[in-house]
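Undergrad: how would this look folded up:
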Amino acid sequence: MKRLPANPAAPLAAAARRVATAALLAGGLALCGAALAGPVEEGRLCLRGAEGVPANLPRAFELFSAAAKKGDAQAAYYLGMMYKNGMAVARDFKAAAHWLEFAAKRQTPAAMFALAKLYLSGEGVKRDEIAARRWIEKAADLEYPEAVMAMAIGLRDGSMGFERNEALAETQMRFANRAFKQATPGM
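TA: Numbers count the residues shown, from 1 in each chain. Model (predicted):
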């Protein structure tokens, strides 16, 4: 005698889940393998992966490289970060600095801040607190939260090329808190 499932709708629900999962997987694979999205969006998906779609770092590197060489500042930022962190490529701080500077000069605040950190550490560039300060200030002017916070800390401590100024540090700290609250996730 054939037993009926406790919930007669269970097989139907399971089938619907399988179809939905297959659709998500196919969509993710299409984005990470075909040109359905722009190269930066496709590269970001390949970099991070998605539900049911594993990350594909070599593909992300390929996409960001091609787009950066064509002048895309966002792609240059991601490419610089891949070089900096040794993702799908040997860690190369000089190449990282090159691509981050390319993006920073095209008004990408995340690249400005990452480049400033390279100047502070001396990785890939000559250590230079004044250059770091300039990039931090430019990113802070564009309300990049991490840069606003770094500027506040630099003013408080008299570090990162900033003169110590506790009153201005306090103002910057309040500004940083507002910037973090209003920040958009992503870069």
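Undergrad: which SSE is residue 58 in?
TA: Secondary structure from DSSP states H and E places residue 58 in helix 57-69.
Undergrad: what is the rounded mean pLDDT of that helix?
TA: Averaging pLDDT along helix 57-69 gives 98.
Undergrad: what sits up against it?
TA: Helix 57-69 has contacts (C-beta atoms under 8 Å, 6 or more residues apart in numbering) with 32-33, 39-40, 42-44, 46-47, 74-76, 78-79, 82, 87-89, 99, 102. Heads up, the C-betas are built off the backbone N, CA and C, glycines and all.
Undergrad: out of the residues you listed, which end up buried?
TA: Neighbour-count burial within the contacts of helix 57-69 applies to 32, 39-40, 42-44, 46-47, 74-76, 78-79, 82, 87-89, 99, 102; the criterion is 16 or more other C-beta atoms under 10 Å.
Undergrad: from the middle of its chain, how far away would the helix holding residue 58 be?
TA: Centre-to-centre, helix 57-69 and its host chain are 14 Å apart (C-alpha atoms, centre = their mean, to the nearest Å).
Undergrad: what about the contacts of helix 57-69, which are in helices?
TA: Those of the contacts of helix 57-69 mapping onto helices are 32-33, 39-40, 42-44, 46-47, 74-76, 78-79, 82, 99, 102, per DSSP state H.
Undergrad: quick one on the thing from earlier: buried stuff in the helix holding residue 58?
TA: In helix 57-69, counting by 16+ other C-beta under 10 Å, buried: 57, 59, 60, 61, 63, 64, 65, 67, 68.
Undergrad: and the gap between the first one and residue 182?
TA: As for residue 57, its distance to residue 182 is 31 Å (criterion: C-beta to C-beta, to the nearest Å).
Undergrad: one more: the second one?
TA: Distance, residue 59 to residue 182, using C-beta to C-beta: 33 Å.
Undergrad: wait, residue 95 sits on residue 82?
TA: No - if you go by C-beta atoms under 8 Å, residue 95 and residue 82 don't touch, sitting 9.3 Å apart.
Undergrad: average model confidence for stretch 111-119?
TA: Across stretch 111-119, pLDDT averages out at 98.
Undergrad: same question, stretch 83-98
TA: Mean pLDDT, stretch 83-98: 98.
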